[in-house]
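A.B. asks: I'd like to go over a predicted model; first the sequence, then the structure.
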Amino acid sequence: MKHRIAGRRLDRTTEHRTAMFRNMVSSLLRHERIQTTTPKAKELKRIADKVITLGKKGTSHARRLAHRQVRDVEVLNKLFDTLGPRFAARPGGYTRIIKLGRRQGDNAEVAVIELVEKTPAEAPKDEGKGAKGEAKAEPKAAKKTEAAKKTESEKKPKAEKKPKAEKTATKKK
């Protein structure tokens, strides 16, 4: 009987398992969505939710505790600067697991684990589908081509001047 024993072993040593979950938490917080097997995703959810709760607190002690799991400074800064405030109003349940089916090679159950609330930059892209979104995209492309033409015309005279300067410098030597 498994009284008072929590968590899955996943056929790994303790050191391997802790290192794997530290890497997975960092990847989840960096990319906000990763694909893995279902048992790993279920265990990762427990760890990731605790780390995000620390990010919500925002104290220096919480940062030290989160640094145990997330060793990458970039991801740690993202956790406390962007993810913590994003989930401030949410009382828990920061991640969701979506089952995808079975993997072809070994028939393992595969799932996607992702953060529940997406970044504000990603949300308008999904909503902007349709005729209006396409019409807005075309003028931007035209502006980019005009700007590219201006930069190309400015670059050409500068490129012509450089070889002349190099020729005079070689003659003086």
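C.D. replies: Cool, got the structure. Numbering: from 1, shown residues only.
A.B. asks: which stretches of this protein form helices?
C.D. replies: Counting by DSSP state H, the chain has helices at residues 14-31, 38-57, 60-69, 73-78, 84-86, 122-127, 131-172.
A.B. asks: ok, residues contacting the first one?
C.D. replies: Meaning helix 14-31. Applying CB atoms under 8 Å, 6 or more residues apart in numbering, the external contacts of helix 14-31 come out as 9-10, 12, 34, 36, 40, 43-44, 47-48, 51-52, 69-72, 74-75, 78-79, 83, 95, 113-115. For every residue, glycine as well, the C-beta is placed using N, CA and C.
A.B. asks: Apply 7 Å and report the result again.
C.D. replies: With contact meaning CB atoms under 7 Å, 6 or more residues apart in numbering, helix 14-31 is reached by 10, 12, 34, 36, 43-44, 47-48, 51, 69-72, 75, 78-79, 83, 113.
A.B. asks: Check the fifth one too.
C.D. replies: The contact list for helix 84-86, computed with CB under 7 Å, 6+ apart, reads 55-56, 58, 117.
A.B. asks: returning to what we had before: in ChimeraX, select just the buried ones from the contacts of helix 14-31.
C.D. replies: In ChimeraX, a selection of the buried entries from these looks like this (16 or more other CB atoms under 10 Å):
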select :34,36,43,44,47,48,51,69,70,72,75,78,79,83,113
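A.B. asks: returning to what we had before: just the buried ones out of the contacts of helix 84-86, please.
C.D. replies: 55-56.
A.B. asks: quick one: residue 18 from residue 60, how far?
C.D. replies: Residue 18 sits 24 Å away from residue 60, going by CB to CB, to the nearest Å.
A.B. asks: the more surrounded of those two?
C.D. replies: residue 18 (14 against 9; other CB atoms under 10 Å).
A.B. asks: lowest-pLDDT helix or strand in this protein?
C.D. replies: helix 131-172 (a mean of 52; mean pLDDT, DSSP states H and E).
A.B. asks: And this structure, split by domain according to the record?
C.D. replies: If you go by automatic domain parsing, the domain ranges for the chain are 14-122, 128-173.
A.B. asks: among those domains, where is the model least confident on average?
C.D. replies: Mean pLDDT is lowest for domain 128-173 out of the domains of the chain, coming in at a mean of 52.
A.B. asks: Out of the contacts of helix 84-86, name the two that are farthest from one another.
C.D. replies: For the contacts of helix 84-86, the maximum inter-member distance is 17.2 Å, found between 58 and 117 (CB to CB).
A.B. asks: buried set for stretch 26-44?
C.D. replies: 26-29, 32, 34, 36, 38, 40-41, 43-44.
A.B. asks: gap between the two ends of it?
C.D. replies: Length of stretch 26-44, first residue to last, CA to CA, to the nearest Å: 11 Å.
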